[in-house]
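Trainee: Following is a predicted model, sequence given first.
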Amino acid sequence: QVQLVESGGGLVQAGGSLRLSCVASGDSFKTYAMAWFRQVPGKEEREFVASISWKGGSTMYADSVKGRFTSSRDNAKNTVYLQMNSLKPEDTAVYYCAATLRVIVATPRGYEYDYWGQGTQVTVSS
């Protein structure tokens, strides 16, 4: 069983920055591909944001965040990060960390992820 705990969300003005962290339990963290998804209140679907391969050598981003968000990981700390710069009001959402034991490359497909965190709220004011 893998547990994921996100932190770092909050309220920020448009143009500002936040860094989200996700700490994973378990000894096999370095073998998980990880990702960030977000969900806007009132919408059922979680939107892919970013993904990072098990060694951190490859990343993938949604078009809406390319050039503004950066995903990284520190396997020694069992932690994955999402650095969010130039935030926009439309980035407001609950952000979820996800892990997959089945895929080691970065993947945007939500159904490939086995474990999810509880989410952290990001609110960007205009």
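Mentor: Cool, got the structure.
Trainee: what sits up against stretch 56-71?
Mentor: Stretch 56-71 has contacts (C-beta atoms under 8 Å, 6 or more residues apart in numbering) with 34, 36, 47-53, 72-73, 75, 80-87, 90-91, 105-108. Using the backbone N, CA and C atoms, a C-beta is placed for each residue, glycine as well.
Trainee: Which stretches in this protein count as strands?
Mentor: Listed in chain order, the strands of the chain (DSSP state E) span 4-7, 10-13, 18-24, 33-39, 47-52, 59-61, 69-74, 79-84, 93-100, 115-116, 120-125.
Trainee: hmm, who's touching the third one?
Mentor: The one in question is strand 18-24. So strand 18-24 is contacted by 2-10, 12, 32, 34, 36, 77-84, 87, 95, 97, 99, 117, 120, 122 (C-beta under 8 Å, 6+ apart).
Trainee: And the buried ones among those, selectable in PyMOL?
Mentor: Typed into PyMOL, the line below selects the buried ones among the contacts of strand 18-24, using 16 or more other C-beta atoms under 10 Å:
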select buried, resi 2+4+6+8+9+12+32+34+36+78+79+80+81+82+84+87+95+97+99+117+120+122
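Trainee: Distance of W116 relative to P89?
Mentor: 25 Å (C-beta to C-beta, to the nearest Å).
Trainee: can you check S51 too?
Mentor: 24 Å.
Trainee: And those two? Which one has more around it.
Mentor: S51 (27 against 11; other C-beta atoms under 10 Å).
Trainee: picking up where we left off before, adding mean pLDDT as columns, could you present the strands of the chain in a markdown table?
Mentor: Below are the strands of the chain laid out as a markdown table (pLDDT from 0 to 100):
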| stretch | mean pLDDT |
| --- | --- |
| strand 4-7 | 96 |
| strand 10-13 | 98 |
| strand 18-24 | 97 |
| strand 33-39 | 97 |
| strand 47-52 | 97 |
| strand 59-61 | 97 |
| strand 69-74 | 96 |
| strand 79-84 | 97 |
| strand 93-100 | 96 |
| strand 115-116 | 94 |
| strand 120-125 | 98 |
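Trainee: Can you report how many residues lie near the closest residue to W116 other than its chain neighbours?
Mentor: Leaving aside its sequence neighbours, W116 sits nearest to A98 (C-beta to C-beta, 6 or more residues apart in numbering; 5.1 Å). If you count neighbours by other C-beta under 10 Å, A98 ends up with 23.
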